[in-house]
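Visitor: Whatever this is, show me its structure:
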Amino acid sequence: MLKLGEVLQLVGQWDEVNQLCEEGMAMAEQLGDRQILAQCQTARGQLLWRQSQYAEALTWLERARVVFEDVGDQAGVADVLKFEGTLAAVQGNLEEARTLWQRSLAIRQELDDKVNIANLLNNLAIVARNRGDYEESRALNEEALVLRRELGDRRAIAQSLNNLGMVLTDLGEYEAARAQLEVAVGLQREIGDRWEIANALETLATATRDQGDYVASLSLYDESLTILWELGERWMLAYVLEAMGGLAALQGQPQRALRLVGAAAALRETTGSSLSPTEQDMLEKMLGPARQALGEAAAASAEAEGRAMSLEQAVRFARSHAD
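Guide: Numbering: from 1, shown residues only. Just a heads-up that it's a prediction; the model follows:
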């Protein structure tokens, strides 16, 4: 049942996944199987995270962790710690995320669980990048990628290539970044996880944008945005709106840039997510010329117009390519 839920999550059938979680928990309680109950609670928390319902997700994960601890399932505890770290990270609590992931990593290393060791190295690399420590992030990503290639996990390899591509973009190694990211997108398309496809497309679009290929970049952002909208995803969608705002600024469309960023800011307030200080600084550097071109009052007005849009209006505006 849980495996079926994983498949349905890949294609974004979240109502069906939720129903399976409910049925699984009811069955586990009827059978008195607390371990299966905790597994279903973890799956429910993960689903709610994908739907940007962070407070509810944390509640279910905490319930699962208590049960796993009671039954002595260390792997289950490590799994929940990993997801709790992810929740902390998407809400901007990077040090908390790092602590939770390090606790999870320590358990996985005791268990010699190479799959999850690689997963957690990957996550810690993301924290390092968001702190602005790009060389540490690169090293952690490369360590994770070596393990994942040894294991032959194509989905995980694609994730590592995606994250490594982000760091290479930050370091200005655009050709190398684009090469890695094109492989990542291709692998994710073969696997069929639509959320991961959208994520990889956004990363490739940013590397392509920073390389100066604005036409190709816009097409990639459009595809990512469309998938995320169809999935009902909110956390990643904010990143895409901000990235498209940065592209608009580079293309000399200052009003469009600030409207898109305003819409993303409103979405972040709704979901409770935030940019890391490093990400915020990078965004502001891109938007600087747009703010200067419009002047303080007009720039604030454009951003307010974006904030006032509904999410549907913001997505439609982003797709329109209008100023």
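Visitor: Show residues contacting whichever strand or helix holds Leu145.
Guide: Taking DSSP states H and E as the definition, Leu145 sits inside helix 134-151. The set of residues external to helix 134-151 that reach it, using CB atoms under 8 Å, 6 or more residues apart in numbering, is 114-115, 117-119, 121-122, 124-126, 128-129, 156-157, 160-161, 163-164, 167-168, 170-171. Placement of C-beta: from N, CA and C, glycine included.
Visitor: Can you name the secondary structure element that comes next after the helix or strand that contains Ala200?
Guide: Using DSSP H and E, Ala200 falls within helix 194-210. Following helix 194-210 in sequence order, the next helix or strand is helix 214-231 (DSSP H and E).
Visitor: What helices and strands are in contact with that next one?
Guide: helix 194-210, helix 235-250, helix 311-320 (3 or more CB pairs under 8 Å, 6 or more residues apart in numbering; DSSP states H and E).
Visitor: Give me the buried subset of the contacts of helix 134-151.
Guide: Neighbour-count burial (16 or more other CB atoms under 10 Å) applied to the contacts of helix 134-151 gives 117-119, 121-122, 124-126, 128-129, 156-157, 160-161, 163-164, 167-168, 170.
Visitor: Next up, the contacts around Arg307.
Guide: Contacts for Arg307 (CB under 8 Å, 6+ apart) come out as 262-263, 265-266.
Visitor: So which of these wins on neighbours?
Guide: Ranked by neighbour count (other CB atoms under 10 Å), the contacts of Arg307 have Ala263 at the top, with 29 neighbours.
Visitor: Show the subsequent helix or strand relative to the host helix or strand of Glu84.
Guide: Using DSSP H and E, Glu84 falls within helix 74-90. Per DSSP H and E, the first helix or strand lying C-terminal to helix 74-90 is helix 94-110.
Visitor: With Cys21 as the reference, measure out to Trp60.
Guide: Using CB to CB, to the nearest Å, Trp60 is found at 9 Å from Cys21.
Visitor: let me redo that: Asn130
Guide: Asn130 sits at a distance of 30 Å from Cys21 (criterion: CB to CB).
Visitor: which of those two has more neighbours?
Guide: Neighbour count, other CB under 10 Å: between Asn130 and Cys21, Cys21 has more, with 24 against 19.
Visitor: give the contact list for the spatially most central residue of the chain.
Guide: Nearest to the mean C-alpha position of the chain, by CA atoms, centre = their mean, lies Met236 at 5.5 Å. With contact taken as CB under 8 Å, 6+ apart, Met236 is in contact with 195, 198-199, 202, 228.
Visitor: one more time with 6 Å
Guide: Leu228 (CB atoms under 6 Å, 6 or more residues apart in numbering).
Visitor: Repeat that for Glu173.
Guide: No contacts exist for Glu173 under CB under 6 Å, 6+ apart.
Visitor: so what pLDDT did Thr278 get?
Guide: Note on Thr278: pLDDT of 85.
Visitor: Count the neighbours of it for me.
Guide: Number of residues near Thr278 (other CB under 10 Å) recorded here: 16.
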